[in-house]
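Peer 1: Here is a sequence together with a model predicted from it:
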Amino acid sequence: MAHTHSHDHTGKAISRLWFTFFLNLGISVAQLIGGFLSNSMALISDAVHNLSDTGSVGVSLVARKYANKSADKQMTFGYRRADIIGAFINLIILIGVSLFLVKEGIERFLQPEEIDGSIMFWVALVGLVGNVLSVYILHSDSKRSLNIKSAYVHLFWDAAASLTIIVGGVLILYYDLYIIDPILTIGIALYILYTTYNMLRETVSILMEATPEDIHVDSIKDELESISHVRDVHHIHVWKVDEHQKMLECHAHIDKSYSSLLEEIKSEIKACLSDRFDITHSAIEFELEPCESSTHHP
Ligand SMILES: [Zn+2]
Ligand SMILES: [Zn+2]
Ligand SMILES: [Zn+2]
Ligand SMILES: [Zn+2]
């Protein structure tokens, strides 16, 4: 359901997450069965979507367990990326399934099949109620989460998708408008692809150790070089370990005559990084002579 990652490790929050996990799993299975019984591809698409949402709740539940495991000598960055790797696998599977749904949708658009509108209607209604219920359950958690807005936008569109299937069921029930089902199927599959694309971009950029979106390497360079006795900062690398923690490493060229002030300069750099850029873990290599690569590396 919601892709919330509120890092509240209290038992309450976790049991709420487990509850939503099983609630969504139940809805997905009901929609899958209903989809096959009624022959509605739109219902199956919504089931796939809910199943993937269930998967991401499951991933964050499992990842929480591992994320609590602290770093050791072998895993010096800890296990925080378990979440990202799980999300990545989830998204790749989802892309494959969505493309399959688009193909099925097109085939049925060209050759509509008969559908049981009443099963479609009732199962979609159950899906909508389940969606709304899990928004309600996760509400108290998401208040503390940074991702509240995106989670709510996501849930809004999820509910909208269920609503269109309810309307589709009514149209089929009263007017035998079977063509509406493949249209909804393609629409839902495209919606899944769109949200998947956005999440995949974020996930891949973390795995590629890209500079976080809210940070500009140039402004880090400017800020750090404005600290007294720092002549040049280069070899700047900023990356995220997971969605929350940012890391930095860089070279800092210091005036030779001020080498005795190294500790003070270091404290100033660390304070600047933490206050201005929210970077609390950094490794700085000081040099009294600029290194060779200082001219051709950010
Ligand atoms: Zn969803
Ligand atoms: Zn470098
Ligand atoms: Zn460290
Ligand atoms: Zn250097």
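Peer 2: Received it, and whenever you're ready, just let me know what you need. Just so it is clear, the structure is predicted and the values come from calculations on it, not from any experiment. Numbering: from 1, shown residues only. Ligands and ions are numbered 1, 2, ... in the order given.

Peer 1: who does Val230 bridge with?
Peer 2: Ile254 (DSSP bridges).

Peer 1: for the stretch 101-250 of the chain, what spans make up the helices?
Peer 2: 117-142, 148-175, 180-207, 217-225 (DSSP state H, counting those that start in this stretch).

Peer 1: What distance do you get for the residue lying closest to Ile236 once chain neighbours are set aside to Leu43?
Peer 2: Residue nearest to Ile236 in three dimensions, not counting chain neighbours: Cys250, with 4.4 Å by Cβ to Cβ, 6 or more residues apart in numbering. Where C-beta positions appear, they are placed from N, C-alpha and C, glycine not excepted. The gap separating Cys250 from Leu43 is 54 Å, by Cβ to Cβ, to the nearest Å.

Peer 1: which of those two has more neighbours?
Peer 2: Higher neighbour count among Cys250 and Leu43: Leu43, with 33 against 21, using other Cβ atoms under 10 Å.

Peer 1: circling back to that earlier point, ligand 4 is nearest to which of the helices of the stretch 101-250 of the chain?
Peer 2: helix 217-225 (12.7 Å; Cβ to the ion).

Peer 1: Summarise which helices and strands that closest one is packed against.
Peer 2: Contacts defined by 3 or more Cβ pairs under 8 Å, 6 or more residues apart in numbering; DSSP states H and E place helix 217-225 against strand 230-240, strand 246-254, helix 262-277.

Peer 1: who wins for proximity to ligand 4 among these?
Peer 2: Smallest distance to ligand 4 across those (Cβ to the ion): 3.2 Å, for strand 246-254.

Peer 1: could you check the angle helix 262-277 makes with the closest one?
Peer 2: Computed by axes from the mean of the first three to the mean of the last three Cα atoms, to 10 degrees, the angle separating strand 246-254 from helix 262-277 equals 140 degrees.

Peer 1: Phi, psi for Lys209 please.
Peer 2: I think there's a mix-up here, since residue 209 is Glu and not Lys. In terms of degrees, to the nearest 10, the main-chain angles of Glu209 are phi 60, psi 40.

Peer 1: What is the burial count for the residue of the stretch 1-150 of the chain found nearest ligand 1?
Peer 2: At 4.1 Å from ligand 1, Asp53 is the closest residue in the stretch 1-150 of the chain, using Cβ to the ion. Applying other Cβ under 10 Å, we find 26 residues neighbouring Asp53.

Peer 1: Can you list the helices and strands that the helix or strand hosting it packs against?
Peer 2: Counting by DSSP states H and E, the element that carries Asp53 is helix 41-67. Packing partners of helix 41-67 (3+ Cβ pairs under 8 Å, 6+ apart): helix 11-38, helix 82-110, helix 117-142, helix 148-175, helix 180-207.

Peer 1: Could you list the domains of this structure?
Peer 2: 11-207, 217-295 (automatic domain parsing).

Peer 1: what residues are up against Ile192?
Peer 2: 45, 48-49, 52, 94, 98, 101 (Cβ atoms under 8 Å, 6 or more residues apart in numbering).

Peer 1: and it, what pLDDT?
Peer 2: Looking at Ile192, its pLDDT reads 87.

Peer 1: Val102 versus that one, what's the distance?
Peer 2: Distance from Ile192 to Val102, counting by Cβ to Cβ: 10 Å.

Peer 1: Quickly list what's touching both of these two.
Peer 2: Both Ile192 and Val102 lack any common contact, where contact means Cβ under 8 Å, 6+ apart.

Peer 1: what about Ser28, how many residues close to it?
Peer 2: So Ser28, with other Cβ under 10 Å, has 22 neighbours.

Peer 1: so how far is Leu173 from it?
Peer 2: According to Cβ to Cβ, Ser28 stands 23 Å off from Leu173.

Peer 1: Setting the sequence-adjacent residues aside, check what's closest to the residue of the stretch 101-250 of the chain found nearest ligand 1.
Peer 2: Among all residues of the stretch 101-250 of the chain, Asp158 sits closest to ligand 1, at 4.1 Å; criterion: Cβ to the ion. Using Cβ to Cβ, 6+ apart and skipping residues adjacent in sequence, the residue nearest Asp158 is Asn131, 5.4 Å away.

Peer 1: Also Pro290?
Peer 2: Excluding its sequence neighbours, the residue lying closest to Pro290 (Cβ to Cβ, 6+ apart) is His253, at 4.8 Å.
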